[in-house]
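>>> Sequence unavailable; structure follows:
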């Protein structure tokens, strides 16, 4: 391997690959959070239609569920961050979820755009390294 510029190219390429890995993880996490908000919205829509007391199972994790009863017009407890929980109506909770979805979708779109730019830069650098190696 030649000195200076070639070593820098290899280091830069490795840094770009690390950045791509981080962006890929961020995109996957945003998608997972979006999926959860979509499911929560669907559940809220169904629960809002409830005219009287309804029974349901609340998932606790590890295959465990807690039986519960929901009454028509009941309010929800919503975690809004930093350990803060507030009471909201179904419509307020639904609006909150929609805003979260918009923020997550915007974050995901920006992350994908950045990923594409970094990937294109990494590809160009990879091609440059391969060209330099052939010229050696």
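Perfect, I can see it now. Quick caveat, the model's predicted, so the values are computed rather than measured.

>>> tell me the centre residue of this structure?
With distances taken as C-alpha atoms, centre = their mean, the residue of the chain nearest its centroid is residue 30 (0.7 Å).

>>> ok, residues contacting the helix or strand bottoming out on mean pLDDT in the chain?
Counting by mean pLDDT, DSSP states H and E, the weakest-scoring helix or strand in the chain turns out to be strand 54-61, with a mean of 84. For strand 54-61, contacts defined as C-beta atoms under 8 Å, 6 or more residues apart in numbering pick out 47, 65, 66, 67, 68, 69, 70. From N, CA and C alone the C-beta is placed, and that goes for glycine too.

>>> any idea how far the spatially closest residue to the last one that is not a sequence neighbour is from residue 72?
Which is residue 70. Excluding its sequence neighbours, the residue lying closest to residue 70 (C-beta to C-beta, 6 or more residues apart in numbering) is residue 54, at 5.1 Å. To residue 72, residue 54 is 8 Å away according to C-beta to C-beta, to the nearest Å.

>>> same check, this time on residue 63
Distance, residue 63 to residue 72, by C-beta to C-beta: 30 Å.
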